[in-house]
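**Student:** just the structure for this:
(chains A and B)
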2 protein chains.
Amino acid sequence: MKKKYNVAVVGATGAVGTKMIEMLEGTSLPMNQVKLLASKRSAGKEVMFKGTPLIIEELVPESFTDIDIALFSAGGNISKQFAPEAVKRGAVVIDNTSHFRMDPEVPLVVPEVNPNALKRHKGIIANPNCSTIQMMVALEPIRQAYGLDRLIVSTYQAVSGAGINAMEELKSQAVAYVEGTPADALEATILPSGGDKKHYPIAFNALPQIDVFADADYTYEEWKMINETKKIMEDDSIKVVATCVRIPVLSGHSESVYIEVKEDGSNVTKIRELIANAPGAVLQDDPSQQLYPQALTSIDRKETFVGRIRQDIDIDKGYHMWVVSDNLLKGAAWNSVQIAETLHEMDLVRV
Amino acid sequence: MKKKYNVAVVGATGAVGTKMIEMLEGTSLPMNQVKLLASKRSAGKEVMFKGTPLIIEELVPESFTDIDIALFSAGGNISKQFAPEAVKRGAVVIDNTSHFRMDPEVPLVVPEVNPNALKRHKGIIANPNCSTIQMMVALEPIRQAYGLDRLIVSTYQAVSGAGINAMEELKSQAVAYVEGTPADALEATILPSGGDKKHYPIAFNALPQIDVFADADYTYEEWKMINETKKIMEDDSIKVVATCVRIPVLSGHSESVYIEVKEDGSNVTKIRELIANAPGAVLQDDPSQQLYPQALTSIDRKETFVGRIRQDIDIDKGYHMWVVSDNLLKGAAWNSVQIAETLHEMDLVRV
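**Tutor:** Coordinates of the predicted model:
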């Protein structure tokens, strides 16, 4: 085990990269050097790290010389091109893009759920999709206790998942609309998906499209939740289906989750106890006090908040719940840094 | 059959009342006089109707003398007190509050779904909850073709359902937050429920509480969707469950709806055809063109928009869809005026 690591952040100026730097400021991971990498455009900019200015460097293959852990969040194409360069130079890559997630050679990890998958890493570890991660934190304790037969999720996702520019666009649209700009004159250049043809306003709207459309008229975001759930829980028999929706929230993904458990013996009280004792989860469920998770109160928190737990009206083994987490933290930056901490604890940083 | 009706609007200054007046301006209902009623506070104000100013009068029992049809939308307590006064004076009441909805003597009507229930009215007809109405328009053609075994709905509801002041509060909060007011300093006095103890900001947030909490930790709004669906579809065996969520949208309720049909033979193409041919529904479902219903584009439209129709990944008879409608129109004002038109067509205005 190395005593102290050199850590690189790729995409240091992005919505997630910025939060990765914040998470590294508070990490228990023993660090020697932190290197911030971004495109040529951002190179030379200064970012404060624990009170000291760090200069952002341009990302090139040689950036990874002497790097032990590289956190990637600069888009799938950057990961595709540069993650192998980092691995070649001896770094472990923790990749926040979707590029490697379904590669059978690449562990897809939520540390509270499947840390042992890290043992078979070959240099690259994938960070799951934001909306999948928080659902896994909430559901894993229930799966362990009663098994999971099926789950149906409808998401209420924040725009920060689409980056800083999407957040700025939401704010501009909101102010413009309040000041009288008609809906069809609002400027929209990013959402629902930067890579798709048409763009729609998100302010005072709900867009049932995240990422582009794929098989069977499900979006790629919906397929991520379906496929990643099965991979993380290591069970292809779980029935999973998702409807992914962007709403005018800046940060904090919310999810309306319906599950059916397999075994007998569950009830709302027991489900609440499981959540209350689950690592990474916080039970916020007291209707008498109007206590339930909210996007706004989840911001800058590392935990996943779970509430509105109810038994289905007709199905004894069916439960509904409301799951909220800061998509930039547990959904991205924190889960990545937590993977790094777990790799260190398990002595898996060197391949 | 009377040739021309005297119509009263109770709650003429509210979010729904204002839209009721708009809908009456375009109605096919033959009208003689339109009387606008509200609280003493609003009495004396002028409202334009078809280019002519009408003076708002204070609501008193005698307001209903000579009124044939009275549209109520001024809260449950006003309906409780004044609807019987209107009926006593010979008016048919179409009530937009929840007060009479589950009364077995009172028909609960979506004209596209159960117009024949109007035949047994005894003076009062209830307009269903906004989120229920649009779901009924979308699902009734599917129920008729294949039967409905169960439905699970997660809503994305607009703040206009909570009134004009809630809309103003959302706008103020949104601008304040963009200008730097922290989330915990945003002024919140109305949502999630005017009648409950605590209030939370809705701007850039999602609140999984609409109306107050009731049995089994479901909210009253969720129970409305459950109970009203069974009453409107006249089938207590349909399994219905709802999670109702307020999002920062001004008008236009969206719903993520999962259904399982009873009969064999359905597929996505046939479901789409049913919606395309359904009264009051508009199919907006072309992923290749990123065409799907949106809250912003539903505003001021009377129809219910349906898209994102997909077969469930694992359950052959399971389908997912996205249902959007202007909650102030089909969800309230238009459905009420449409009931009046239907009563006239069926010659049921006189009891």
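**Student:** what about the helices in the stretch 1-150 of chain A?
**Tutor:** A:15-25, A:76-88, A:130-146 (DSSP state H, counting those that start in this stretch).
**Student:** make a markdown table out of the ones you listed and add mean neighbour count and distance to B:Thr243.
**Tutor:** Yep, even glycine has a C-beta here, placed from its N, CA and C like the rest. Listed next are the helices of the stretch 1-150 of chain A as a markdown table, based on neighbours: other CB atoms under 10 Å in any protein chain shown; distance: least, CB to CB, whole Å:
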| stretch | mean neighbour count | distance to B:Thr243 |
| --- | --- | --- |
| helix A:15-25 | 23 | 28 |
| helix A:76-88 | 18 | 33 |
| helix A:130-146 | 25 | 15 |
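**Student:** residues of the stretch 51-200 of chain A that sit close to chain B?
**Tutor:** A:150, A:152, A:154, A:156, A:171, A:174-175, A:178, A:183, A:192, A:196-198, A:200 (CB under 8 Å from any CB of the partner chain).
**Student:** now, which of these sits nearest B:Val268?
**Tutor:** Of all those, A:Ile152 has the smallest distance to B:Val268: 17.4 Å, by CB to CB.
**Student:** just say helix, strand or coil for the nearest residue to the closest one once chain neighbours are set aside.
**Tutor:** Closest residue in space to A:Ile152, ignoring its immediate chain neighbours: A:Tyr258 at 4.4 Å, by CB to CB, 6 or more residues apart in numbering or on different chains. Three-state call for A:Tyr258 (DSSP: H, G, I helix; E, B strand; the rest coil): strand.
**Student:** what about A:Tyr258, how many neighbours?
**Tutor:** 22 (other CB atoms under 10 Å in any protein chain shown).
**Student:** just A:Gln33 next, same as before
**Tutor:** 13.
**Student:** how about the one 4 residues further on?
**Tutor:** Residues contacting A:Leu37 under the criterion other CB under 10 Å number 28.
**Student:** now for it: which residues touch it?
**Tutor:** Residues near A:Leu37 by CB atoms under 8 Å, 6 or more residues apart in numbering or on different chains: A:Ala8, A:Val9, A:Val10, A:Gly11, A:Ala12, A:Ile56, A:Glu57, A:Glu58, A:Leu59, A:Ser63.
**Student:** buried members of these into PyMOL, please.
**Tutor:** Command for PyMOL that selects the buried part of those, burial taken from 16 or more other CB atoms under 10 Å in any protein chain shown:
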select buried, chain A and resi 8+9+10+11+12+56+57+59+63
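**Student:** as CSV, the contacts of A:Leu37 with pLDDT would be great.
**Tutor:** Listed next are the contacts of A:Leu37 as CSV, based on pLDDT from 0 to 100:
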residue, pLDDT
A:Ala8, 98
A:Val9, 98
A:Val10, 98
A:Gly11, 97
A:Ala12, 96
A:Ile56, 97
A:Glu57, 98
A:Glu58, 97
A:Leu59, 98
A:Ser63, 98
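**Student:** tell me the SS of the closest residue to A:Tyr177 other than its chain neighbours?
**Tutor:** Closest residue to A:Tyr177 apart from its sequence neighbours, by CB to CB, 6+ apart: A:Ala203 at 5.4 Å. Using three-state DSSP, the structure places A:Ala203 in coil.
**Student:** pretty sure A:Ala203 sits against A:Leu170.
**Tutor:** Yes: between A:Ala203 and A:Leu170 there is a contact under CB atoms under 8 Å: 5.8 Å.
**Student:** looking at the two, which is more packed in?
**Tutor:** A:Leu170 (31 against 25).
**Student:** got a list of what the spatially closest residue to that one that is not a sequence neighbour touches?
**Tutor:** Setting aside the residues directly before and after it, A:Leu170 is nearest to A:Val159 in space (CB to CB, 6+ apart), at 4.9 Å. A:Val159 makes contact with A:Ala166, A:Met167, A:Glu169, A:Leu170, A:Leu191, A:Ile202, A:Arg246, A:Pro248, A:Val249, A:Leu250, according to CB under 8 Å, 6+ apart.
**Student:** among these, which one has the most neighbours?
**Tutor:** Counting neighbours by other CB under 10 Å, the top entry in those is A:Leu170, with 31 neighbours.
**Student:** can you tell me how far that one is from B:Tyr177?
**Tutor:** Distance from A:Leu170 to B:Tyr177, counting by CB to CB, to the nearest Å: 11 Å.
**Student:** now A:Ser288
**Tutor:** From A:Ser288 to B:Tyr177 the distance is 29 Å (CB to CB).
**Student:** what of A:Arg310?
**Tutor:** 31 Å.
**Student:** tell me, how many residues neighbour the nearest residue to A:Arg246 once chain neighbours are set aside?
**Tutor:** Leaving aside its sequence neighbours, A:Arg246 sits nearest to A:Leu207 (CB to CB, 6+ apart; 4.5 Å). Residue neighbour count, defined by other CB under 10 Å, stands at 26 for A:Leu207.
**Student:** tell me the pLDDT at A:Leu207?
**Tutor:** pLDDT, A:Leu207: 98.
**Student:** same thing with A:Gly195?
**Tutor:** pLDDT at A:Gly195 comes out at 88.
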